[in-house]
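**Student:** predicted model follows, preceded by the sequence.
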Amino acid sequence: MSIPAVGAVGFTPYVPQTLPTSSATPAAALDGSDPLSAARSAGAAGATGGTQGADFTSLLSQGMESLQGLHSHADSLAVQAATGNLNAIHDYTIAATEASVATQLTTAVRNKALESFQEIMRMSV
């Protein structure tokens, strides 16, 4: 969807980053690959006896590294803003908001995983 008036002023809409599916580096997640198809193929491989534990562990660690990177970037911009070296304060505001939303999402996913684990532990065999 394109709005001519918005495009005329040079506005670029925010496109959220996706977590890497099977790549070794977080930067490779920006290549535009479809994370749903990768998840489906990973699920199919798991159903046929593949080892998905290492993939899930690497996915979690890459997600946490990405979250740490967002916070580090926001912190460095905050220092620059406090010392007067940051010309565009909106860069800090955007980075801080991205870090905050990523933290909220990570916390929500952790809470859902913990609830699921507790529900499984309550099941009778």
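**Tutor:** Looks like it arrived, so ask away.
**Student:** and the next element down the chain from the least confident helix or strand in the chain by mean pLDDT?
**Tutor:** Taking mean pLDDT, DSSP states H and E as the measure, the chain has helix 35-47 as its least confident helix or strand, at a mean of 49. Once the chain leaves helix 35-47, the next helix or strand it forms, by DSSP states H and E, is helix 53-83.
**Student:** which other helices and strands contact that next one?
**Tutor:** helix 89-122 (3 or more Cβ pairs under 8 Å, 6 or more residues apart in numbering; DSSP states H and E). C-betas here are computed from N, CA, C, even on glycine.
**Student:** ok and the helix it packs on relative to helix 53-83, angle-wise?
**Tutor:** 150 degrees (axes from the mean of the first three to the mean of the last three Cα atoms, to 10 degrees).
**Student:** low-confidence ranges, this structure, go.
**Tutor:** 1-17, 19-54 (pLDDT under 70).
**Student:** three-state assignment of residue 124?
**Tutor:** Classification of residue 124 using DSSP: H, G, I helix; E, B strand; the rest coil returns coil.
**Student:** tell me the SS of residue 86?
**Tutor:** Under three-state DSSP, residue 86 comes out as coil.
**Student:** the closest residue to it other than its chain neighbours and residue 67, how far apart?
**Tutor:** Excluding the flanking residues, the one nearest residue 86 by Cβ to Cβ, 6 or more residues apart in numbering is residue 80, at 4.0 Å. According to Cβ to Cβ, to the nearest Å, residue 80 stands 21 Å off from residue 67.
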